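Chemist: Dropping a prediction and its sequence here:
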Amino acid sequence: MKTSYHRLQLVTSAIALTLISCSNLEPASNLNSASEVLSPAQGNPISNNNPNGNLTTQGFKKNVLAKGLERPWGMASLPDGSILITERVGRVKILRNRLVKQVPIAEIPKLFVSGQGGLMDISLHPRFSENNLVYLIYSKGTFEANHTSILRVKFDGTALIEPKVIFEVKPDKSGNQHFGSRIVWLPDETMLISVGDGGNPPLELKGELIRKQAQKLDSQLGKILRLKDDGSIPPDNPFVEADRVNPFVWSYGHRNIQGLFADPISGNIWSTEHGAKGGDELNLVRSGKNYGWPLVTFSREYTGGDISEEQSRPDMVDPKLVWKVAIAPSGLLVYQGDRLPLWKGNLFVGGLVSKELIRIKIDNNNPIIQETIPIGQRVRDVRQGIDGCIYILTDEKSGQLIRLEPI
C-alpha cells in the first residue's frame with residue numbers, strides 16, 4: 001500500500017550538425033545525489049549498500065555523437081545502425097556515418113506544435129526489415145481542439161513516404177499539455193501507446209477538470225491504449241466486450257506517461273509517469289488495471305495543497321517508486337545488452353527536470369538500488385542501440401545525442 005513507505009536519498013542536426021570527435025569523451029565515474037523517493041513497504045525497500053555513494057562498478061564513458069538537435073523527442077535504431085530522430089517542431093533527422101541529415105517527409109496532417117505538443121515518438125514496425133514501416137506520434141489540431149494521433153509512413157532509405165494517419169485519440173481537448181506519447185510493441189505485433197489526461201487545472205472538459213478523464217473508461221485520455229499495427233482494435237483487449245468502455249483501453253488512471261518499455265525478456269511492461277508537483281511514478285503496468293490518477297496520488301497541486309487525501313486504494317495498483325520531488329521522467333529502458341554487462345536487466349529512467357539518467361536495479365519486480373548518472377541537460381529519451389550501448393536524447397533548443405559506452 002502507498003500508505004507505508006521507506007525513505008532514501010538517491011545516490012546517485014543534406015544538414016550536418018556539429019559532431020563531437022571520439023577524443024572528446026567524458027568519463028562518467030562520479031554519481032551524484034538526487035531526489036528523495038518512496039518505495040512500497042510490502043516489497044524490498046530500496047537499499048544503499050555502498051556508503052561511499054558510488055554504487056556501480058561498471059566502467060563507462062559519455063560520447064556526444066551530435067549537437068544542434070532542436071527539441072529532439074524520440075529515436076529509433078535502423079538495422080544498419082543509423083538512427084532516426086524526431087524533433088518536436090516536426091522534423092525527422094537521421095544519424096548515419098557520423099553525419100546528421102534531415103529526412104524528407106510529406107506534410108504531417110494538421111501538426112500542432114505548441115507547449116508540450118508537436119512531433120513526438122517514433123517506432124519501427126517489428127518486421128521493419130520486411131515492410132519498412134515507421135510509426136510517428138504527434139499532436140494534431142488547434143489550440144482549441146487537438147488530440148494525439150499516429151502517422152504511419154514507409155522509409156525508403158532516404159525519405160519517409162506514403163503517410164497515413166491510422167489512429168486518432170478521442171475526445172478532442174483544448175490547450176497544449178499532456179499528450180503522452182510513447183509507442184512500444186508486444187510480441188503479437190500489437191502496440192501500446194500512452195496518452196495523457198489532457199492537462200492541468202483549470203483546464204476542463206464537459207464542465208469538469210479534464211484530468212478526471214483518466215478514470216472515465218469511455219474516454220481515451222489518461223490511458224495506455226492497445227492497437228493492432230493498422231490502428232484497429234485487438235479482439236482480446238481487456239474491455240472489448242464491456243458496455244460503455246472504449247475498446248482500445250488497456251490500462252487507465254494515468255496522468256502523463258512519457259516513459260514506456262516492453263521488456264522482451266520478462267514480458268513486463270514498465271512505465272514512468274509525470275506527477276504534478278512531485279509524485280512522479282515508476283509503475284509495473286498490467287492489462288485492465290487502474291493506476292489511480294487523480295483519485296489516489298502523492299502529487300500536490302501546483303498552487304499548493306493535496307490533489308487527493310488518499311495515496312492508495314485496494315482496487316488500484318500502487319507504483320513501484322514515487323519521487324517526492326519531481327524528476328519529470330521521460331524515456332525508459334530495460335537494458336539487455338552485453339556491452340555494459342553489469343547493468344544488464346537494470347531499468348534506466350530519464351529525468352527532464354533532474355537532468356540525469358537514473359539506474360534502478362530490479363529484483364523480483366522490486367527496486368533494490370538507485371543511482372544517478374549526471375547528464376547536465378534535460379533527458380527526453382533513452383534507448384539501447386543495436387550495438388549494445390545506451391543512447392540518450394536531450395531536450396534542449398540545441399539538444400544532443402549521447403552514447404554511454406564501455407571504457
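Modeler: Sure thing, it's come through.

Chemist: Would you mind measuring from Gly278 to Val153?
Modeler: Remark: distance between Gly278 and Val153 (C-beta to C-beta, to the nearest Å) = 38 Å. In short, each C-beta sits where N, CA and C put it, glycine included.

Chemist: Settle it for me: which of the two has more neighbours?
Modeler: Val153 (22 against 17; other C-beta atoms under 10 Å).

Chemist: which residue packs closest to the more buried one, ignoring adjacent ones?
Modeler: Leu160 (4.2 Å; C-beta to C-beta, 6 or more residues apart in numbering).

Chemist: can you pull the pLDDT of the one you found?
Modeler: On the pLDDT scale, Leu160 is placed at 98.

Chemist: Likewise for Gly53?
Modeler: Reported pLDDT for Gly53: 43.

Chemist: Am I right that Arg255 is in contact with Asp197?
Modeler: Yes - taking C-beta atoms under 8 Å as the definition, Arg255 is a contact partner of Asp197 at 5.3 Å.

Chemist: Give the burial count for the residue nearest to Val153, as a bare number.
Modeler: Neighbour tally, Leu160, other C-beta under 10 Å: 22.

Chemist: Next, work out how far apart it and Val317 are.
Modeler: Distance from Leu160 to Val317, by C-beta to C-beta: 37 Å.

Chemist: Helices along this structure, start to end?
Modeler: Along the chain, counting by DSSP state H, helices occupy 128-131.

Chemist: contacting residues around the residue nearest the centre of it?
Modeler: Most central in the chain under C-alpha atoms, centre = their mean is Gly259, positioned 2.0 Å from the mean C-alpha point. For Gly259, the contact set (C-beta atoms under 8 Å, 6 or more residues apart in numbering) comprises Arg182, Trp270, Ser271, Thr272, Glu273, Pro329, Ser330, Gly331, Leu332, Val349, Gly350.

Chemist: And the fifth one, how close does it get to Gln116?
Modeler: When C-beta to C-beta is the yardstick, Glu273 and Gln116 sit 14 Å from each other.

Chemist: more crowded one of these two?
Modeler: Neighbour count, other C-beta under 10 Å: between Glu273 and Gln116, Glu273 has more, with 27 against 18.

Chemist: Quickly list what the more buried one is bridged to.
Modeler: Beta-bridge partners recorded for Glu273 (DSSP bridges): Ile257, Glu281.

Chemist: Roughly how far does it sit from Leu357?
Modeler: Glu273 is 17 Å from Leu357, by C-beta to C-beta.

Chemist: so where's the chain uncertain?
Modeler: Scanning the chain for pLDDT under 70 picks out the ranges 1-36, 39-56.

Chemist: could you redo the last one with a cut-off of 90?
Modeler: 1-57, 106-107, 367-370 (pLDDT under 90).

Chemist: Quickly list what Ser114 is bridged to.
Modeler: Under DSSP bridges, the beta-bridge partners of Ser114 are Gly117.

Chemist: surely it meets Phe143?
Modeler: Yes - the pair Ser114 / Phe143 is scored as a contact, 6.2 Å apart, by C-beta under 8 Å.

Chemist: Overlap of the contact sets of these two?
Modeler: With C-beta under 8 Å, 6+ apart, Ser114 and Phe143 have common neighbours Asn176.

Chemist: number of nearby residues for Pro171?
Modeler: When counting by other C-beta under 10 Å, one arrives at 16 neighbours for Pro171.
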